[in-house]
Structures are given as C-alpha cells and as structure tokens.
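Colleague: sharing a sequence plus its predicted fold:
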Amino acid sequence: MITLSWLLHDSQDTFFRDPFGAVPCGTVIILRLKVCSDEAPESVHVRLWENNKEINKEMRLADDAGREKIYQAEVTASKEPGLIWYYFFAVRHGRVYYYGNNPYRLGGKGLLQEHIPPSYQITVYREGYSVPAWFKKTVMYQIYVDRFFNGNEDGRVSNPPKGSLVHASWEDTPLYVRDPRNNGILRWTFFGGNLPGVIAKLPYLKELGIGVIYFNPVFESSSNHKYDTGDYKKIDPMFGTNETFRQLCKKAGQMGIRIILDGVFSHTGSDSIYFNREGSYPGEGAYQSRESPYYRWFKFIDYPDVYESWWGIGTLPNVNEMEPTYQDFIINDDDSVVKYWMKMGAKGWRLDVADELPDEFIRKLRLAMKKQDPDSILIGEVWEDASHKVSYGHNRAFLWGEALDTVMNYPFRKIMLDFILGRKDARQVNMSLMSLYENYPKDAFYSAMNLIGSHDVPRVLTILGEGPPEEGLAEVERGEATLLPVQRKLGLRRLKLLALIQMTFPGVPAIYYGDEAGMEGYSDPFNRAPYPWAREEQNLLEWYKKIIALKNKHPALQDGEWMPLYAKGDVYAYLRQKDSEKAAAFFNRNIKDEARITVDLRPFGKGIWRDVLNAAEFRVEESQEIVLAPLEGKVLIKA
C-alpha cells in the first residue's frame, strides 16, 4: 500500500461524481479523478462494470493546474436498471496504481492501493420511480395483535385454536411450550388481543400521533405469530372477522390512520387449506393428494413427507412463487389475496422475507397494487443495504424502481444503536448513513421504514439499559430478567435520545408497540409481551407524544432535504430543510459529560431560531456554540 495519496476521488462530492448518488436510467454521469503530481501519468483509466459488462475508459485531462491535474470521463447509465461498479487506475513509470472505495466500502473518499481495490457503486433505477408522498410524511406503529388489547367487553378470548393454552393474566410473561423430543412448539400460548381491541385503542394511537398501522399477520393460522398462514382470505377467528377488518380500516381512515398488512408469500403453514398436513381443513391439500389444486404450489423432494420448508421448519412449507396458479391466487385474479384486502381497506403491504421472493413475483405484485391503488405502499423486509443485496447468487432489484417502494431500515437501527451505545463515534456513523444516502434512490431513502424495535429483535430498552447478554442466559432466565433500576434509568434516557433521532431523521419512524411505554424483553417470545395498559412509563410516553407532534407539525422534519452538519466524537448533528423552513438537530450520546460544539447556521438563516424542545429562542448572527447536556438532543427551527 502506498502511504502518500497522490490520487483522489470522493464519490459523495459532486465535483468528483455528478450527479450525486443513485441515478435514473440513461443519466450521463461525470467522473473525475484528481492527480497530485508534478509529472503527469502516462495514462489514467476508469474501469466499470454494468449488467455484467466490463468497460475500460481512458480519462481525458480536463484541467491542468501544475501539480494538480483533473482527469474526467463521462459514463451513460444503461437503459435498464441495475448497478454500476467502478474504480480507477493510473500508469506512472510503467507501474499501475489503483484507486477505489475505502476498506469499509462506504463510499466517499477512497484509498490508493497497489492492487485491485474495492469498487464504488452507482445505483441505476427506472425513470419515473417514486414513493407515495403521504408515506414519507407519516409515523408508523407496529402491532402484534394477540399482545395489543382485547376488545371484548367481557374479556373473554375469542375462538382459541384447538390444543392451545390461554394465559390467565394479561401480565404474564410469554412462553413457548416446547416438545422435548425436537424443541419444536408443542402448544401455542395466547393472550387474547384482537382487532376489536385495536379499534378500541384507535383514539390512543391518534393521540400518540400515528398515521399508519403495520400489522403482523392477521390471517387464520394455528400459531400466535400467524406467519404460518392457514387461509389467506380469512381473518383469524381469534382476531375477529373479515367484516371486523373492514370496519377497522374505515374507522382508522376517519382518524387519518392507514393500514398496512404483512404479506407472507414465500411459505404457508403446513396446517392450511393449501397444504393440509394436519387434516384440519375439508378438501385435499397438497400433502394429501397430487391431484390437489395446490400440489404444484409446493416443492416436494420425496412426496409427501419430505419437502422444502422455510429454514427447515416443517410447519412452514415453501411455495413455488413462479407457479402461475399461485400467482393468480395471490396477485392476478380479480379477487386475489392482494386485491381482496386492498378492496377491504388496506393501504399497502409489507413483504415478509423479501429476499426469498423472486424479483419477478415482487414486480407483478407491485404492478397489481398500483393498478388497484396508485397511492398504495409496498415495503420489503431486508436487513442489509437493500441497494446491493445479494440472495441466491444474484443482485436483487429491490430498489431499482420497479419492485419494492421501500424497505425496513434495519441498517439505520444498527447504526444508531452503535452510536448511542458508544460502539462507533459520530464520524463512523455519518459514513454509514452517507453510504445509504448515496446508494438508495432519493425516494427510497426518504421513505425507509426507520425502526428501532420489532418482533424479531430484543426490546430496545433492554439493549439500551445494557442488560446481561442474552446468549449467556437460559430461556427461563431470559424470561425472568429485568433491568436494574440504574440500568432502566440509563436505558430510558438513551431511548428518549434515540427516539428523537428517529423522529428527525429522513424516513418513516416505526414504533414497535409498547416501546413508547417502556417495555423490556429479550428475543422472541419475550419481546412480544402484552402491552402494559395502565402501567406505562408515563414520562417516556409523554416524550413520544411530544416528539411525534414535532415531526407531524414541521414539514422540514417530514420530507425535507437532509445534510450532515457535525460529526465528531460523541456529537452528531444534521440539517433538514423544506422551502423556507429549516431544522437543525443535535445529539450528544455521552452519558456523563456535556458537549460544546461550534457550528455555523448563518448560511441557512440568520436571526431567531426556536429551540422547540425547551421553548427557548436561539439567535444566529455568527458562528454559534451549541451546548448539549449528557444524553441531550436539541432541535432548532428556523421558519
């Protein structure tokens, strides 16, 4: 490796790459490389790959200022969406020097090397791609129905499945009754939450400031999580009826709240109309007969007992999503699953395990959705940077403008937890966020589902309070564990700061039910406990209401442009702006020490800025010192 860097390219600086970030098909992209040398190289090249085609372009000398020379090349993005990868190389005195992405592969300034380096990425998306404007401005709330609220006046649990166990108290700790022979689930346990309970709590969600509810699966199945679908066109009898769902959508809509459903289309349940291994349904499922209309939906290896299943779990047989009759049932028919529930009032879908669904299946599903309702939203479950996600050996087209609208932003969750917990400093955090900003189409970045909790991860308060690592705890210990008072106090302070970041950062904040109430819990099933009605952490709940109201009030915090302001040590800050409104957000993650930083807000507006969380005024006439107490966030608004 050469220590003296005489080549320079910064993919996040429009001088070096114009335009910034992801581009529509057919865009002309200007790439520049700075050469700092008294002596010009013999040649300078950019090597690119697009849609598996390699292109080697010699760059022309565009500017020669003596020691600093600028080499330039123009690249036209393909008419088809995909990814462009590139790096540079220069020949000097017969030796080849390479310049490519940094070792973290996060874009921005790269590294001069004597061997082939990591490539930079350009995402190319279909022209005309956009995400419904309403979604970028809203706040989401995720509900796991069995654990939210029982709306039956007498408190009874509606229609518990045969062989299930019903908890005697809403305050019980969730558990699994496991089969000692194989550790599988022997009995499913239920608490009795239902859709009438969600209807009853719509005023609570309205007061909280929620604009869209995302439901974990609500269709009939034998489990409490409902990811083992039994009947795609029937609300689970424990939750209500199809008419209950229609009424829920209607009443929620009257309050300005939309509904998104969980689409579990990569597998069904073995206990389903379609597979029917347990014989619970009339008629013949694929397990019972090769003559079943559903037989071709599944992937049998040795009929009927050996078949492909999700992660090898026999109760979740995989489907063949490219089977025409399956696509007709889920997507194409006039009363397809997707269309049926949208006609009942659903405004969109979240696709479970999107990386296990073929791109063609997702494209067809999105087209059907948009034909039914152009303003509907399609979100994919993706845990990594979705722009270059690889599954089953090929790059996925999730964010290329013709598949998903946007994705669950698990990278955001990881980045921010690393920051709050002190695992990465503000500079590293900014690099990671800028990488997403660079790689995602603009609409995808500004509409990403920014979650910090979900049914698939431990409760965020348990993480922020630094409870014992769950890997070292037995299941019974994980169920009994709670934070010590000092840990809970720290966790709550951190959560308030993290939630403020969530409400001010570009994208759609997604609150996992009960996080706003101070729920704790390790991984499944303990992160799926019932909502603690009348036992909420009131101070935290009031904070959530305050900061959600802040987001709902200020356009700059909804879909305003974003740019980093400060990223050093414990302090991270950024600016949001839309039209004449500007919002500057500052965060100090240090748990003991205050932070004093100097920023210049004058380019964004002199005069009075309002410190909206502290009802104070902040006068900007020159470079300003911002003082942040330990674990404090500030939001300054200039109208």
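Modeller: Looks like it came in fine. Residues are numbered from 1 along each chain as shown.
Colleague: let me know the secondary structure of the residue lying closest to G279 once chain neighbours are set aside.
Modeller: Of all residues not flanking G279 in the chain, Q288 sits nearest, at 7.5 Å (C-beta to C-beta, 6 or more residues apart in numbering). For glycine as for every other residue, the C-beta is placed from the backbone atoms N, C-alpha and C. The three-state label given to Q288 by DSSP: H, G, I helix; E, B strand; the rest coil is coil.
Colleague: swap in R535?
Modeller: Three-state call for R535 (three-state DSSP): coil.
Colleague: burial check on it, number of neighbours?
Modeller: R535: 11 surrounding residues under other C-beta atoms under 10 Å.
Colleague: so which strand or helix has L490?
Modeller: helix 485-504 (DSSP states H and E).
Colleague: and that helix, how far from the chain's centre?
Modeller: Averaging C-alpha positions (C-alpha atoms, centre = their mean, to the nearest Å) puts helix 485-504 20 Å from its chain's average.
Colleague: if we can go back for a sec, quick one: residues contacting the residue nearest to G279.
Modeller: By C-beta atoms under 8 Å, 6 or more residues apart in numbering, the residues touching Q288 are N276, G279, P304.
Colleague: repeat that for L33.
Modeller: Going by C-beta under 8 Å, 6+ apart, L33 touches 7-9, 16, 44, 46, 59, 70-72, 88, 90, 99.
Colleague: what strand or helix carries it?
Modeller: Of the helices and strands defined by DSSP H and E, L33 is found in strand 28-36.
Colleague: now do H225
Modeller: Per DSSP H and E, there is no helix or strand for H225.
Colleague: quick one: contacts for the closest residue in space to it that isn't next to it in sequence?
Modeller: Closest residue in space to H225, ignoring its immediate chain neighbours: N216 at 6.6 Å, by C-beta to C-beta, 6+ apart. Taking C-beta under 8 Å, 6+ apart, we find N216 in contact with Q142, I143, Y144, V145, H225, K226, Y227, D262, H455.
Colleague: in the longest strand along the chain, what counts as buried?
Modeller: The longest strand of the chain (DSSP state E) is strand 82-92. For strand 82-92, the neighbour count (16 or more other C-beta atoms under 10 Å) marks G82, L83, I84, W85, Y86, Y87, F88, F89, A90, R92 as buried.
Colleague: ok, now stretch 52-69?
Modeller: If you call a residue buried by 16+ other C-beta under 10 Å, then stretch 52-69 has these buried ones: K57, M59, K69.
Colleague: quick one: low-confidence parts of the chain?
Modeller: Across the chain, the ranges flagged by pLDDT under 70 are 1-4.
Colleague: how does it divide into domains?
Modeller: Listed by automatic domain parsing, the domain ranges of the chain are 7-125, 198-266+313-553, 267-312, 560-638.
Colleague: indicate which one of these is closest to P160.
Modeller: Of all those, the one in closest proximity to P160, counting by C-beta to C-beta, is domain 198-266+313-553 (6.4 Å).
Colleague: for that closest one, measure first residue to last.
Modeller: 25 Å (C-alpha to C-alpha, to the nearest Å).
Colleague: cool, and stretch 232-241?
Modeller: This stretch, stretch 232-241, spans 13 Å end to end (C-alpha to C-alpha).
Colleague: contacts for it?
Modeller: Here stretch 232-241 makes contact (C-beta under 8 Å, 6+ apart) with 145-146, 157-161, 190, 192-196, 218-221, 226, 242, 244-245, 329-330, 337, 340.
Colleague: now the buried members of those residues.
Modeller: The neighbour-count test (16+ other C-beta under 10 Å) marks 145-146, 157-158, 160-161, 190, 192-196, 218-221, 226, 244-245, 329-330, 337, 340 as buried among the contacts of stretch 232-241.
Colleague: take those and keep only those in strands.
Modeller: The strands, defined by DSSP E, take in F190, F219, E220, S221 from the buried ones among the contacts of stretch 232-241.
Colleague: any idea which of the residues you listed is closest to E594?
Modeller: F190 (48.5 Å).
Colleague: bridged to the closest one, which residues?
Modeller: Counting by DSSP bridges, F190 is bridged to V166.
Colleague: separation between it and D172?
Modeller: Noted for F190: a distance of 11 Å to D172, by C-beta to C-beta, to the nearest Å.
Colleague: continuing past the helix or strand where Q121 lies, what's the next helix or strand?
Modeller: Using DSSP H and E, Q121 maps to strand 120-125. Under the assignment DSSP H and E, the closest C-terminal helix or strand after strand 120-125 is helix 133-136.
Colleague: what's the very next helix or strand once past that following helix packed up against?
Modeller: Next along the chain after helix 133-136, taking DSSP H and E as the criterion, comes strand 140-143. On a contact count with 3 or more C-beta pairs under 8 Å, 6 or more residues apart in numbering; DSSP states H and E, strand 140-143 meets strand 212-215, strand 508-512.
Colleague: closest to R589 out of the ones you listed?
Modeller: Comparison of the helices and strands packed on strand 140-143 against R589 by C-beta to C-beta identifies strand 508-512 as nearest, at 18.6 Å.
Colleague: which neighbours does that closest one have in its sheet, and in what orientation?
Modeller: Strand pairing (DSSP bridges) places strand 508-512 next to strand 140-143 (parallel), strand 449-451 (parallel).
Colleague: and the angle for the helix or strand just after it with helix 485-504?
Modeller: Downstream of strand 508-512, the first helix or strand assigned by DSSP H and E is helix 538-553. Comparing the axes of helix 538-553 and helix 485-504 via axes from the mean of the first three to the mean of the last three C-alpha atoms, to 10 degrees yields an angle of 10 degrees.
Colleague: tell me the strands beside the strand or helix carrying N56, with direction?
Modeller: In this structure, N56 sits in strand 53-58 according to DSSP H and E. In the sheet, strand 53-58 lines up against strand 43-50 (antiparallel) (DSSP bridges).
Colleague: from the chain's centre, how far out does the partner strand sit?
Modeller: On C-alpha atoms, centre = their mean, the centre of strand 43-50 falls 33 Å from that of its chain.
Colleague: then stretch 64-74?
Modeller: Between the centre of stretch 64-74 and the centre of its host chain there is 40 Å, according to C-alpha atoms, centre = their mean.
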